[in-house]
Structure formats: C-alpha cells, structure tokens
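Student: model this:
(2 chains)
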Amino acid sequence: MAAVATCGSGAGTTGSAVATASKSNVTSFQRRGPRASGTNDSGPRLVSIAGTRPSVRNGQLLVSTGLPALDQLLGGGLAIGTVLLIEEDKYNIYSPLLFKCFLAEGIVNGHTLLVASAKEDPANILQELPAPLLDDNSKKEFDEDVYNHKTPESNIKMKIAWRYQLLPKMEIGPVSSRFGHYYDASKRIPQELIEASNWHGFFLPEKISSTLKVEPCSLTPGYIKLLQFIQNIIYEERFDGSNPQKKQRNVLRIGIQNLGSPLWGDDICCAENGSNSHSLTKFLYVLRGLLRTSLSACIITMPTHLIQNKAIIARITNLSDTVIGLESFIGSERETNPLYKDYHGLIHIRQIPRLNNLICDESDVKDLAFKLKRKLFTIEVDFIS
Amino acid sequence: VTLSEGARAGIGRELGMLDSLLSFGGLVLLRDSVEWEGRSLLKALVKKSALCGEQVHILGCEVSEEEFREGFDSDINNRLVYHDFFRDPLNWSKTEEALPGGPLGALRAICKRTDPGPITIALDSLSWLLLHLPCTTLCQALHAVSHQDSCPGDSFPVGKVSVLGLLHEELHGPGPVGALSSLAQTEVTLGGTKGQASAHILCRRPRQRPTDQTQWFSIFPDFSLDLQEGPSVESQPYSDPHIPPVDPTTHLTFNLHLSKKEREAKDSLILPFQFSSEKQQALLRPRPGQATSHIFYEPDAYDDLDQEDPDDDLDI
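Tutor: Numbering: from 1, shown residues only, chains lettered A, B, ... in the order given. A predicted model of the protein is given here:
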C-alpha cells in the first residue's frame, strides 16, 4: 500500500524537488535517500513500524496474523489495508482462536486494537487472549511438538524415496522476535500487557438502545454505528496519515466478531431474501474504503454456514481480500475416519488478494488441515487426500 | 437384553443430562414436530424447576392459560408467574394489566428484577414469537436475556437465567432454526420410535467441544419425567455371509509373498544411492593397481600434429 508514502510526505517530495532543481540547474530528477535536501521530512523513507515488514514479493507492508503457519500460507503476512475474512466452523470453536491470536499479536507488538462484537463484551474477549510464548522457550517447545508428532510416521522408513522423509511437514519461515509469535492456547495473556496496550471496544448492545423500531435505510443501524466508530478512531488517532509531523506511526488492528449473525441486526442468516440483504455487502465495501486509506488491518469472523442465500456468500468473498474457511470435523463423519484422526479440521484458503500484482501469491499446497494440540494451533499439509 | 456394567454406568451418566438441562443456564431450545410434541416436556421441565424453588415465568402465547395450567397441582400453579398473550395478543382491550411492549417488553421487565435468584423463563412458544416478530429482534432479545448474568451493568449479582423455548421445527425454514440453534446453549430435539419418545440433547459449552446424547423418556400424567433406557435394539442383519471374501493372490503364476529369510535379505540390502560408511571408505581409499590414468589416441589422416601454438600468429 502506497498509503504510507503518499499521505504524509507527498507534499514534501514535490517541494524538495522544485527547490533543488532551481538550485542545481542540471536535472530535476531527485535521488531518493535520507540526504538533507532542505525540508523536514526528506523524501519518502522506509517506514519502520513495530511488528510490520515489507513483503519480499511485492513490497506491501505486512503484519503478522498471529499464526506463523498462516502467515506463510498468505505469502508472508496480512497486508496493511486489507481484510481477512474467516468463515467460521459450525460450532464456533476454532475461529475464535484465530481471532484472538490476531489481537494478541497486536498487543505484543504494541499496535492499537479495535474490538467489535455483538455477542461478548470486548473487555472479556481481551481477558481471554492467549499468552505469547517467549523467544527462548518457543523454539524449543515448537521443536519438541514437531518431533513428537513425527515419531509415529517415522516408523515407516522409506527406503527408495528416502529424500521425501527429510521434507518438513510444513514450511515455517524463520520467526524473529519482531514479526510473528507463537501463542499458548492454554494460558491467558498477562494482565499487564493488556493494561499497557491501547484498545477500543465496540459492544453493540451498549451502543444501540433496545428499540423495536428500525428505520428503513440501506445499512442496518448496527453497521452504521460500527462504521462511524471505526472512522472516528482512525481520524482521532491519526491512522490515516492526516498529521504528517507525528514521528511514530502505529498500526490499527480491527477485529469484528460474528459479523452477519442476527445479533448484529442483520437477517441474512434468517431469511433468503430479507429486506436488508445488501446491508452486509455495503458494509464490507465501506469498510474496505476506510482500511485502504489508513494504516490498519482487519480480521472478520463470519458464520457463513448460516447464510441462506449462496449468492451473498459469493459477493462477500469478492468484497473481502483474503478469505479462509475453517471446517471442523466435529459432528461429521470425518471425525471417525481413521485417515483424519490426527487432525481437528480442514483449512480452505478461498481467496488471496492480488495487490498491485497480476497474479496472487498462492501456495502450492491446497490440502491443508489444522489441529489444536494442547498448546499450539498448527496447520499442516494433509498428505492423505 | 441384559446390559453390561459399563453400559449401565454410561446410562447412569446420561440420565443425569436431561435432569441437569436447566442447571447450565442460557437458552434451551426444544425442537418438536407433529409426531413428537414438546409441550409436555416443557411442562415437565417447568414443574421440575418450580419444585427446585426457582422463580418461573411463563410467556403463554400459543395456548390458553387454563390449558397450560392443566395437570399441575395447586402449589406449582401458585408458583408460576403467567404472562398471558394468548387471549389478547394485540392488546385491543387496553386494560391496565396488559404489559407494555408485548412479549419482548415482558421479557425485559422480567430481567430488570432485583432479587438475585435463579430464574427460569418458559417461552410457549418461540414459533409464535418468530411469526410475529422479526427474527433478528428476537435473537437479540434472547441473547440479552440469557446472558444477563455475565453482563456487568448491574451493581448486584444476578442469578442465572434459563430460557426454555419451544420451537416447532416444521413451521420454519432452515434460516431461523439455524440462527436460533447457533444462539442456544442446549438444543433438545424430540424424536422417537415405536411409541417411545427420545430426546437428542446437544450441549454447546463456550470454547469446548459440543457433547450430544440421546435420552429415552416418558412423561407421567402429572408431568414428572421418567427416564428410560430405550427400546431393545434388534441387531441389523448383516450382508449375507455365505460368499467368503476372495483372495486375489491365490491363483497367480508368480509369487507375491516373501518368506522370512527373503524379507531379511531384502531389508539388509544396501541400495546403490545410499551412502554408508563402507562406501565412503571405498571411495576414499586409493585403488591398488592404477596409479594414474592414460589416454590412448590414434591420430587420423586429417589431424594436424603441429606442436606450435596457433595463437602466436595473432597480432594484438
């Protein structure tokens, strides 16, 4: 996203170019660099915000999603200015974990959080975030978990295709302490980290007075309030780059839980042709506009298995940037299938965005399964199917 | 059919689940159908919670008050607080005892109570409410009511709230039923075979795997619950066992099996691209016999055996 460079220092660049051209009279081309060329912010420089890194493929600024395996699948991380949509599993057990890992990553990196929910109070959601694994322990624990998993399969020693035995189950890139952390799902995040962080909560029953009268308009009132709230936060805390003199920029992480469920006042889960069937798609469109013009990234979980009209699901997928579907094995016949006994469900990557590109960063593997071990949530290639 | 010890212990655990439906709190959805009606189970659960000393409120919309109270004895009837929306649902008679706001207003009024005790609200029925109110409003109201104990708005602790909702599955499409079941903490689907009613109970605890059980029961005329062990299940006749499974390797002209010695020989064979220490030594050891290698060349008729360097002619 060129939003980083354009908003703040655009005026500075043209000013310095004109000034130097009149001085040197040789060329009006300016060399980009941190040389003193007479203005305060000397040209666009690489923005270094904690917890972000530029993508090696297309230069987008990326943030971590909280799960290093998921970052790898998405091409390094989630691009700033985009929406990550998670289609919830049927009993809503695993998607809250991804949601919380995203928020916990924001707290660990010092980003500002905005948590919106119609079901739970955001303060309660923050209390239940998983604890980060510290650097010296994390690699050791991760290695021992991987090793424990490998021993049953290593009994089948391959004699002819022995090179395949050395392949790792999942490519995990190097996890530095600045980008991408592992989280322990069985422990809670320490209270002092939450108190030290800057967060805003949006709990729908508090913001909307309980009244039966609903004014007919294009967006449900819950969505309008949420969009106004997000816009206010972006404007007040200068995430849109409107104040270029601010030295330290930060990223806003937005998390919206259970969007589209009846608790938000939207009836796409209840009826096939409701009165407000375009409400959610308009919300996503406006939200993406807000995100594209600010330094923020958003995660949304949505119960798409409840949506009655399949055309709406297709529209929602098109209006989001990255879409991941979780399918858990609970209650389905795959739960007892011995082929899937190691895993808790499947992950489907439905869409990856093409940001300033002609092609998208698809990974080669399409059959991915996840499992929630006693502590870690891991994604692995499912070699069976 | 005699049951083993383990099965008996398992059924002992299961018998507890229908009994403890109300102890978890939250929304309990009773899904019934035309063949297996659920109002008697609703009344049985109402009676059980009244006997436990909880406050019980009934929102009666579908049947009249006399019909609902029928079968309960007088002390239970005195404990029930009945809100009647059957006789005058749209409040045309405009009496002062009518509750403002309709059924949802009554629900909110119940929740604004001041005494901290456990409370049970029975909705008879949710289908009636779904047909008269928008589904989203109903879902929001039910969520607000059933999660009131975790809401920090009040200054005093509030007891747990259980909401029993009777839903007639056949009246609604998959949308509203799916929306309500995603909100519910417990879902009881009524069914049965051959005159014996069963309840399939699905418990969703937050952040835990859902557990489900099937419980056979019957209800006495005084609406007390009788938990049973289910009808005897006849074993399904399996497919005809006369045809034995065919082994395709019996009549082959080549041998597919390995004897034990052959298997050992196969396992101990070192494959050519496996790098073992013996191979490494063999490669590193200089081979006896050939010190250097020679190239033997027979010159052709057209070969120029001039020993001069042809690049000497170049003038650079």
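Student: ok, residue 293 - how many residues close by?
Tutor: With no chain named, the answer covers chain A. Close neighbours of A:Thr293, defined as other Cβ atoms under 10 Å in any protein chain shown, add up to 18. (Glycine included, C-beta is placed from N, CA and C.)
Student: my bad, the chain I had in mind was chain B
Tutor: Residues near B:Ser293, counting by other Cβ under 10 Å, number 5.
Student: shouldn't it be within a strand?
Tutor: No: counting by DSSP: H, G, I helix; E, B strand; the rest coil, B:Ser293 is not found in a strand; it is coil.
Student: could you pull up phi and psi at it?
Tutor: The phi and psi values for B:Ser293, taken as degrees, to the nearest 10, are phi -110, psi 140.
Student: could you give the separation between the terminal residues of stretch B:83-90?
Tutor: 14 Å (Cα to Cα, to the nearest Å).
Student: now do it: everything it contacts.
Tutor: Applying Cβ atoms under 8 Å, 6 or more residues apart in numbering or on different chains, the external contacts of stretch B:83-90 come out as B:57-65, B:95, B:98-99, B:102-103, B:106, B:132.
Student: 7 Å - rerun?
Tutor: Contact with stretch B:83-90 is made by B:57-65, B:98-99, B:103, B:106, as judged by Cβ atoms under 7 Å, 6 or more residues apart in numbering or on different chains.
Student: tell me how many other residues surround the residue of the stretch 51-200 of chain A found nearest chain B.
Tutor: As assessed by Cβ to the nearest Cβ, chain B sits closest to A:Tyr91 within the stretch 51-200 of chain A, at 5.2 Å. For A:Tyr91, the neighbour count with other Cβ under 10 Å is 17.
Student: what's the answer for A:Tyr94, then?
Tutor: Residues lying near A:Tyr94 (other Cβ under 10 Å) number 22.
Student: check the one 5 residues further on too.
Tutor: Residues contacting A:Phe99 under the criterion other Cβ under 10 Å number 25.
Student: tell me who's in contact with the residue nearest to the residue of the stretch 51-200 of chain A closest to chain B when sequence neighbours are not counted.
Tutor: Residue nearest to A:Tyr91 in three dimensions, not counting chain neighbours: B:Pro210, with 5.2 Å by Cβ to Cβ, 6 or more residues apart in numbering or on different chains. Each residue near B:Pro210 by Cβ under 7 Å, 6+ apart is listed here: A:Tyr91, A:Ile330, B:Leu202, B:Cys203, B:Arg204.
Student: looking at these, spot the one nearest A:His344.
Tutor: Lowest distance from A:His344 to the contacts of B:Pro210 (Cβ to Cβ) belongs to A:Ile330, with 8.0 Å.
Student: quick one: the closest one and B:Thr211 touch, right?
Tutor: No: checked against Cβ atoms under 7 Å, the pair A:Ile330 and B:Thr211 is beyond contact range at 10.2 Å.
Student: quick check on these two: which one has the bigger neighbour count.
Tutor: Between A:Ile330 and B:Thr211, counted using other Cβ under 10 Å, the more crowded position is A:Ile330 (16 against 11).
Student: which residues of the stretch 251-385 of chain A lie near chain B?
Tutor: With the criterion set to Cβ under 7 Å from any Cβ of the partner chain, the stretch 251-385 of chain A comes near chain B through A:262-263, A:265-267, A:269-272, A:303, A:306, A:308, A:330.
Student: most neighbours of all those residues, which one?
Tutor: Counting neighbours by other Cβ under 10 Å, A:Pro262 comes out on top of these with 30 neighbours.
Student: once you drop chain neighbours, what's closest to that one?
Tutor: Leaving out its chain neighbours, the residue that sits closest to A:Pro262 by Cβ to Cβ, 6+ apart is B:Cys139, at 3.7 Å.
Student: what's the distance between that neighbour and B:Leu27?
Tutor: Distance, B:Cys139 to B:Leu27, by Cβ to Cβ, to the nearest Å: 10 Å.
Student: any residues in contact with both of these two?
Tutor: Shared contacts of B:Cys139 and B:Leu27, defined by Cβ under 7 Å, 6+ apart, comprise B:Leu183.
Student: from what I see, the residue nearest to A:Pro262 and B:Ser182 are in contact.
Tutor: No: contact status for B:Cys139 versus B:Ser182: not in contact, 9.0 Å apart, counting by Cβ under 7 Å.
Student: show me which of those two is the more surrounded one.
Tutor: Taking neighbours as other Cβ under 10 Å, B:Cys139 and B:Ser182 compare with B:Cys139 leading, 27 against 22.
Student: what about that one, which helix or strand?
Tutor: Per DSSP states H and E: B:Cys139 is located in helix B:135-146.
Student: so after that helix, what's the next helix or strand?
Tutor: Sequence-wise, the next helix or strand downstream of helix B:135-146 (DSSP H and E) is strand B:161-168.
Student: what is the three-state secondary structure of the residue of the stretch 51-200 of chain A closest to chain B?
Tutor: The three-state label given to A:Tyr91 by three-state DSSP is coil.
Student: isn't it up against A:Ser332?
Tutor: No: with contact defined as Cβ under 7 Å, A:Tyr91 does not count as touching A:Ser332 (10.9 Å).
Student: that older thread, of the contacts of stretch B:83-90, just say which sits nearest to A:Glu362.
Tutor: Each of the contacts of stretch B:83-90 was checked against A:Glu362 using Cβ to Cβ; the closest is B:Pro103, at 51.7 Å.
Student: assess the claim that that closest one and B:Leu129 are in contact.
Tutor: Yes: the pair B:Pro103 / B:Leu129 is scored as a contact, 6.0 Å apart, by Cβ under 7 Å.
Student: quick check: neighbours shared by those two?
Tutor: B:Cys61.
Student: who's more crowded, these two?
Tutor: B:Leu129 (25 against 21).
Student: what separation do you get for the more buried one and B:Val63?
Tutor: 14 Å.
Student: could you do B:Ala282 as well?
Tutor: For B:Ala282, the distance to B:Val63 - Cβ to Cβ - is 94 Å.
Student: compare those two (neighbour count), which wins?
Tutor: Of the pair B:Ala282 and B:Val63, B:Val63 is the one with more neighbours under other Cβ under 10 Å, namely 14 against 10.
Student: tell me how far that one lies from chain A.
Tutor: Per Cβ to the nearest Cβ, to the nearest Å, B:Val63 is found 25 Å from chain A.
Student: same question for B:His132.
Tutor: From B:His132 to chain A the distance is 11 Å (Cβ to the nearest Cβ).
Student: what of B:Glu65?
Tutor: B:Glu65 sits at a distance of 25 Å from chain A (criterion: Cβ to the nearest Cβ).
Student: got it, and B:Gly165?
Tutor: Distance from B:Gly165 to chain A, counting by Cβ to the nearest Cβ: 14 Å.
Student: what's near enough to touch that residue?
Tutor: By Cβ under 7 Å, 6+ apart, B:Gly165 lies in contact with B:Leu27, B:Leu29, B:Leu30, B:Leu123, B:Leu126.
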